[in-house]
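Student: fold the stuff below for me.
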Amino acid sequence: MACGYRLGYFLRSFASIAMRPNSMPILPGREAVRSPTLDCAPSPFPAAEHYVLKRGRTVYILVVDDSQFTTALVQFALKQEGYEVEVTDNPRGAMQMIQKREPDLLILDIAMPYQSGFEFTARLRAEGYDIPLIFMTAQDSMESKLKGFHIGADDYICKPFDHQELVARVHAVLRRIKRSKRSEGQSIRVGPIELFPAELQVVINDRVKVPLTRTEMQVLRVLMSCPDQVVSRDQLLSSVWNDNENNSNIVDVYIGRLRKKLEPDAAHPRHIISVRRIGYKFVSK
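Tutor: This is a model prediction of the structure:
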């Protein structure tokens, strides 16, 4: 009970930090301690409006960590930068939130009960989600870092960390995403379907707008760049995953997702056609 009371007291006090610059909440029985991690001095980084997405939508970040202290700290630091931030303490809750609304960036702990951050990331990738990801963990071994980057992390930050370092890393990942979008070029039109790579969007018959994940866009761009031509699974793996993915079934997962989004009847596709034992082609008619 004492621990629960102290945690609740701390979190309630923590919420008021923004109203009291350079102050810290005091835990019962403790002296006030100044901490640079919660310093409310003006941020040295550019304002978050530099990282607002097209059409004025604010960047949405989901934080997953079983430590209430950590999620409260991260949420506070990123909200101070103008980001929209939601938190959850377990992978199951995170998956439910992602299915309802896909975040622009995921910040994820590794050591969590029931399912590790590595296992959760593998599940996300297998289900076709290609969300930019920062691991935030106390596991600082080289083996853990290499594993994190191998399964698709964009960055890896070790606990304990200063909130300014976290903010800087978030900014850096988002900058890379924006540069990647700018380099994706003009739209591609094949028949009634037009792909806008930079906007992660398809327009069907000049009126129906369909959002895509980044990997869905990349798969579709390869197919639409070669209309009516067969593209093998190996070619898709090489073009989209840079040969870093050995499981060709992941291609089928993304094709299935694209068909559900683009075809009137995914079971009887008109545009993305299977070519048995070889791959797929995008039909222009």
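
Student: ok, which stretches of the chain are helices?
Tutor: 2-14, 68-80, 91-100, 117-126, 142-150, 163-182, 214-224, 233-241, 249-262 (DSSP state H).

Student: just name the most buried of those.
Tutor: Burial of the helices of the chain is given as mean neighbour count (mean count of other C-beta atoms under 10 Å); helix 214-224 ranks first at a mean of 22. Heads up, the C-betas are built off the backbone N, CA and C, glycines and all.

Student: return the angle between stretch directions for that one and helix 249-262.
Tutor: Interaxial angle of helix 214-224 relative to helix 249-262 (axes from the mean of the first three to the mean of the last three C-alpha atoms, to 10 degrees): 90 degrees.

Student: so who does residue 98 touch?
Tutor: The contact partners of residue 98, taken as C-beta atoms under 8 Å, 6 or more residues apart in numbering, are 62, 106, 124, 129, 131.

Student: re earlier: adding mean pLDDT, write the helices of the chain out as TSV.
Tutor: Listed next are these as TSV, based on pLDDT from 0 to 100:
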stretch	mean pLDDT
helix 2-14	43
helix 68-80	92
helix 91-100	92
helix 117-126	88
helix 142-150	85
helix 163-182	81
helix 214-224	90
helix 233-241	85
helix 249-262	91
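
Student: could those helices go into JSON lines alongside distance to residue 204?
Tutor: Compiled in JSON lines, those are given as follows (distance: least, C-beta to C-beta, whole Å):
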{"stretch": "helix 2-14", "distance to residue 204": "47"}
{"stretch": "helix 68-80", "distance to residue 204": "35"}
{"stretch": "helix 91-100", "distance to residue 204": "23"}
{"stretch": "helix 117-126", "distance to residue 204": "27"}
{"stretch": "helix 142-150", "distance to residue 204": "36"}
{"stretch": "helix 163-182", "distance to residue 204": "21"}
{"stretch": "helix 214-224", "distance to residue 204": "12"}
{"stretch": "helix 233-241", "distance to residue 204": "22"}
{"stretch": "helix 249-262", "distance to residue 204": "7"}
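
Student: most neighbours, which of the contacts of residue 98?
Tutor: residue 106 (24 neighbours; other C-beta atoms under 10 Å).

Student: phi and psi next, for the residue nearest to residue 263 when sequence neighbours are not counted.
Tutor: Among residues not flanking residue 263 along the chain, residue 269 sits closest, at 4.7 Å (C-beta to C-beta, 6 or more residues apart in numbering). Main-chain dihedrals, residue 269, degrees, to the nearest 10: phi -70, psi 150.

Student: isn't residue 269 right up against residue 259?
Tutor: Yes. Residue 269 is in contact with residue 259 according to C-beta atoms under 8 Å; the separation is 5.2 Å.

Student: and the most centrally placed residue in the chain, how far from residue 150?
Tutor: Nearest residue to the geometric centre of the chain (C-alpha atoms, centre = their mean): residue 131, 2.8 Å. Distance from residue 131 to residue 150, counting by C-beta to C-beta, to the nearest Å: 17 Å.

Student: thinking again about what came up before, of all the contacts of residue 98, which comes closest to residue 276?
Tutor: Distance ranking of the contacts of residue 98 against residue 276, using C-beta to C-beta, places residue 129 first at 28.2 Å.

Student: tell me the phi and psi of the closest one?
Tutor: The phi/psi pair for residue 129 (degrees, to the nearest 10) reads phi -90, psi 130.
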